[in-house]
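**Q** Pasting a predicted model and its sequence here:
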Amino acid sequence: MRDIIIAGNWKMNKTFQEAEDFLVDIFEYLHNKELEKTTSIICPPFPYLEMATDLAAESNLSIGAQNVSEHESGAYTGEISAAMLHSMDVDHCIVGHSERRKYFGETDETINKKIKMLQNYRIIPIVCIGESLQQREAGEAEEVIETQLLATLQDVQISNNLAIAYEPIWAIGTGETATPQQAQKIHSFIRKWIQENYNKEIANSVPILYGGSVKPENISDLLAEEDIDGGLIGGASLDSNKFKKMIDIAEK
Ligand code: 13P
């Protein structure tokens, strides 16, 4: 069976002090708690990563980044490389989030380069894909997902070193969640695609997370679906009580 992943994407939120308070609270909660089937990950903003990985060294919480440069190193002002993340013990990194595609012009091609760069540094990419409302209403959701998978995963090897997050754009930050059945349909489509393009073993082992207005009230029904292996959570991951609650629900 696949582990459940509860991953928080803080986006551009929290001061340093707020971030530290949250993490200390979570570490106290996780201390002496044997999580049997849940991996929990927090993805804070870049400037807090070192503080977070230092604190996390003593715990079973993983720390992820929210983005990475597709370049190795050099004259790329303002960018953060995979080597830098690796040197701070960051073990996961979100790539291709729809907000980065929308506001920062990221394309499937740059995301593909970022995935390979991260894997070179043994950082697990959490690859975000998902359709817009317009695409869903036009009946194109699966086609969009397939196009994104083909392009972002071109020549990418998978062996326990990649996770996928299905995040329908219309469900992000809107309070409108995909129903568990809607999400399951796409998750199963993604797993089948991986089986066809890689193999059955890889398809059965790759974690596929759902993201889009996940919260303590709806996570249980989502996780009950066969192909939903966890959540990539924005808003509800900013509140440590809600985050702890979602870990508790995942462990049940
Ligand atoms: P919300 O949980 O706030 O809808 O955000 C989802 C998301 O974008 C996670 O990456």
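**A** Nice, thanks for sending it over. Residues are numbered from 1 along each chain as shown.

**Q** residues near I5, how many?
**A** A total of 23 residues lie near I5 under the criterion other CB atoms under 10 Å. The C-beta positions use only the backbone N, C-alpha and C, and glycine is treated the same way.

**Q** close enough to count as contact, it and D229?
**A** Yes. I5 is within contact range of D229, at 6.2 Å (criterion: CB atoms under 8 Å).

**Q** Between those two, which contacts overlap?
**A** P207, L209 (CB atoms under 8 Å, 6 or more residues apart in numbering).

**Q** give me phi/psi at the nearest residue to P168 once chain neighbours are set aside?
**A** Nearest residue to P168, sequence neighbours excluded (CB to CB, 6 or more residues apart in numbering): G130, at 4.7 Å. Note on G130: backbone dihedrals following degrees, to the nearest 10 are phi 170, psi 150.

**Q** so which strand or helix has the closest residue to A65 other than its chain neighbours?
**A** Distances taken as CB to CB, 6+ apart place C93 nearest to A65, at 4.4 Å, with adjacent residues excluded. Using DSSP states H and E, C93 sits in strand 92-95.

**Q** Quick check: buried residues in the very next helix or strand once past that strand?
**A** Per DSSP H and E, the first helix or strand lying C-terminal to strand 92-95 is helix 98-104. For helix 98-104, the neighbour count (16 or more other CB atoms under 10 Å) marks S98, E99, R100, R101 as buried.

**Q** do stretch 119-127 as well
**A** Along stretch 119-127, these residues count as buried under the neighbour rule (16+ other CB under 10 Å): Q119, Y121, I123, I124, P125, I126, V127.

**Q** Would you reformat the residues you listed as JSON lines and include secondary structure, distance to the ligand and pLDDT?
**A** Listed next are the buried residues of stretch 119-127 as JSON lines, based on DSSP: H, G, I helix; E, B strand; the rest coil; distance: CB to the nearest ligand atom, whole Å; pLDDT from 0 to 100:
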{"residue": "Q119", "secondary structure": "helix", "distance to the ligand": "20", "pLDDT": "98"}
{"residue": "Y121", "secondary structure": "coil", "distance to the ligand": "22", "pLDDT": "98"}
{"residue": "I123", "secondary structure": "coil", "distance to the ligand": "17", "pLDDT": "98"}
{"residue": "I124", "secondary structure": "strand", "distance to the ligand": "15", "pLDDT": "98"}
{"residue": "P125", "secondary structure": "strand", "distance to the ligand": "13", "pLDDT": "98"}
{"residue": "I126", "secondary structure": "strand", "distance to the ligand": "9", "pLDDT": "98"}
{"residue": "V127", "secondary structure": "strand", "distance to the ligand": "12", "pLDDT": "98"}
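
**Q** Of all pairs in those, which one spans the longest distance?
**A** Largest separation among these by CB to CB: Y121 and V127, giving 15.7 Å.

**Q** re the thing from before, any residue of the strand holding C93 touching the ligand?
**A** No. Strand 92-95 does not reach the ligand (CB under 6 Å from any ligand atom); its nearest approach is 6.6 Å.

**Q** Which strands and helices lie in contact with that strand?
**A** Packing partners of strand 92-95 (3 or more CB pairs under 8 Å, 6 or more residues apart in numbering; DSSP states H and E): strand 38-43, strand 61-65, helix 108-120, strand 124-129.

**Q** what does the stretch 101-250 of the chain put close to the ligand?
**A** E167, I172, G173, G211, G212, S213, V214, L232, I233, G234, G235, A236.

**Q** Selecting buried members of those residues in ChimeraX, what would you type?
**A** To isolate the buried subset of these in ChimeraX, counting by 16+ other CB under 10 Å, use the following:
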select :167,172,211,212,213,214,232,233,234,235,236
